[in-house]
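> fold the following, please.
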Amino acid sequence: MPFSQKTKEQVRRRAWFACCLCKRISMSLEVHHIIPEEDDGPDTEDNAAPLCASCHRSFGGNRDLQARMREMRDHWYEECAKLFGEDSTTGDVFHWIHEQFSTEELERLTIHNPSYVSGRDAADGLKGTRFSFDEKEYVHPLVVKELLGWLSDSRATIVGVDLEAANRSNRFYGDFAVADGAEGVNVKWEGDNESFGYRHVATTPSGVEIVECHDWGGGSGVFGTVALFSLEQDQALGSDKDVLEVHDRSVLKTRGQFALGDGYVGNVCYGNGVLEVGPDEGRFRRGGAAAWKLPVL
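A predicted model of the protein is given here:
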């Protein structure tokens, strides 16, 4: 028997309309029988997994993934409960997101991070990586600066770096300072008549790193950016002492960036699935004209 409409709706809302494998948002999220119907799998919420159409096609028929799929579903439910609260689907934030953004907009704005979800330790995220924005080993500020690109660029031109190599390279070299602030850890590099710093804002349940950056190039302007990154793992072919081998990599990729403007001073925060940029209280006093909200799962 198929799932009842009530069960489907409950599963979708509990997952915040996001696939438990890839975290892609879909208002028409499919509900999959973990134990197949032909194996007498019950039509209950406990046997249901929220999957996007792509993951349903790719993994739904793999019986070897039954236990893993249940683990990943439970992990995503736990993340949603921690972030949004157990009764979040009836709360103000849930309704605000779904009133402000249409189904098409939410699906279009979803950041897809397949490496974080379907990698070797998907339920635990990138458990093996030692790189971080808020604890040792810190991502070097010059690596972040490189990924953001130039102000004149319409979009990022370099979208990923090998952190193992970059954090110790001559290209991204120089001491940087780490300071604990009221709003989190601040990491700052200072060169000759220039500086670049960042503050880790939050990590979303799907592994998107939200970072506030400020770049001073020696002039009168200090340009702020909210950047979205993902820390992923893959493999590459290379040589070590003339021996050809495959090695693991920790790769930092850009997932989007939003200009805060020159001299922005305000509150950039994340909670209940919403990235919020507060009014500008800096020297240009843009106030509420600089404020905005965006759902980021």
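> dump the C-alpha coordinates for stretch 199-219 into CSV.
The C-alpha trace of stretch 199-219 is given here as CSV (Å, rounded to 0.1, in the frame of the first residue of the first chain):
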residue,chain,number,x,y,z
ARG,A,199,34.5,35.6,10.7
HIS,A,200,32.8,32.2,10.7
VAL,A,201,29.0,32.8,11.0
ALA,A,202,27.6,29.3,11.0
THR,A,203,27.6,25.9,9.4
THR,A,204,24.2,24.8,7.9
PRO,A,205,22.9,21.2,8.4
SER,A,206,23.9,20.4,4.8
GLY,A,207,27.5,21.6,5.4
VAL,A,208,27.5,25.1,3.9
GLU,A,209,29.9,27.3,5.7
ILE,A,210,28.7,30.9,6.1
VAL,A,211,31.6,33.4,6.4
GLU,A,212,31.6,37.2,6.8
CYS,A,213,34.7,38.8,5.1
HIS,A,214,36.2,42.3,5.0
ASP,A,215,38.8,43.3,2.5
TRP,A,216,41.0,46.5,2.7
GLY,A,217,43.2,47.2,-0.3
GLY,A,218,45.0,50.3,0.9
GLY,A,219,42.4,52.9,-0.1
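> mind listing what's buried in it?
Residues of stretch 199-219 classed as buried: 199-216 (neighbour count, 16 or more other C-beta atoms under 10 Å). Placement of C-beta: from N, CA and C, glycine included.
> go on, stretch 70-77?
Buried residues in stretch 70-77 (16+ other C-beta under 10 Å): 70, 72, 73, 75, 76, 77.
> surely the fourth one forms part of a helix?
Yes - the secondary structure assignment for residue 75 places it in a helix, going by DSSP: H, G, I helix; E, B strand; the rest coil.
> tell me how far it lies from residue 203.
The gap separating residue 75 from residue 203 is 14 Å, by C-beta to C-beta, to the nearest Å.
> over to the third one?
From residue 73 across to residue 203, the span is 20 Å (C-beta to C-beta).
> likewise for residue 291?
From residue 291 to residue 203 the distance is 23 Å (C-beta to C-beta).
> what of residue 235?
On the measure of C-beta to C-beta, residue 235 and residue 203 end up 24 Å apart.
> for the stretch 51-200 of the chain, which spans come out with low pLDDT?
For the stretch 51-200 of the chain, the stretches with pLDDT under 70 are 83-98, 100, 102-129.
> how about the helices in it?
Taking DSSP state H, counting those that start in this stretch, the helices of the stretch 51-200 of the chain run over residues 53-59, 66-84, 92-100, 103-109, 114-118, 141-148, 163-166.
> run through who's touching the last one.
By C-beta atoms under 8 Å, 6 or more residues apart in numbering, the residues outside helix 163-166 that reach it are 129, 131, 139, 140, 143, 172, 231, 249, 250, 251, 252.
> buried set for it?
So for helix 163-166, counting by 16+ other C-beta under 10 Å, buried means 163, 164, 166.
> just send those back as CSV, with distance to residue 186 too.
Listed next are the buried residues of helix 163-166 as CSV, based on distance: C-beta to C-beta, whole Å:
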residue, distance to residue 186
163, 20
164, 24
166, 21
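> between the residues you listed, which is nearest residue 148?
For the buried residues of helix 163-166, the closest approach to residue 148 (C-beta to C-beta) belongs to residue 166, at 14.1 Å.
> I figured residue 161 was touching residue 252, is that so?
Yes - using C-beta atoms under 8 Å, residue 161 is in contact with residue 252, at 5.5 Å.
> now list whatever residues contact both of these two.
143, 147.
> what's the spacing between the most centrally placed residue in the chain and residue 231?
Nearest to the mean C-alpha position of the chain, by C-alpha atoms, centre = their mean, lies residue 208 at 1.0 Å. With distances taken as C-beta to C-beta, residue 208 is found 10 Å from residue 231.
> alright, I will stop here.
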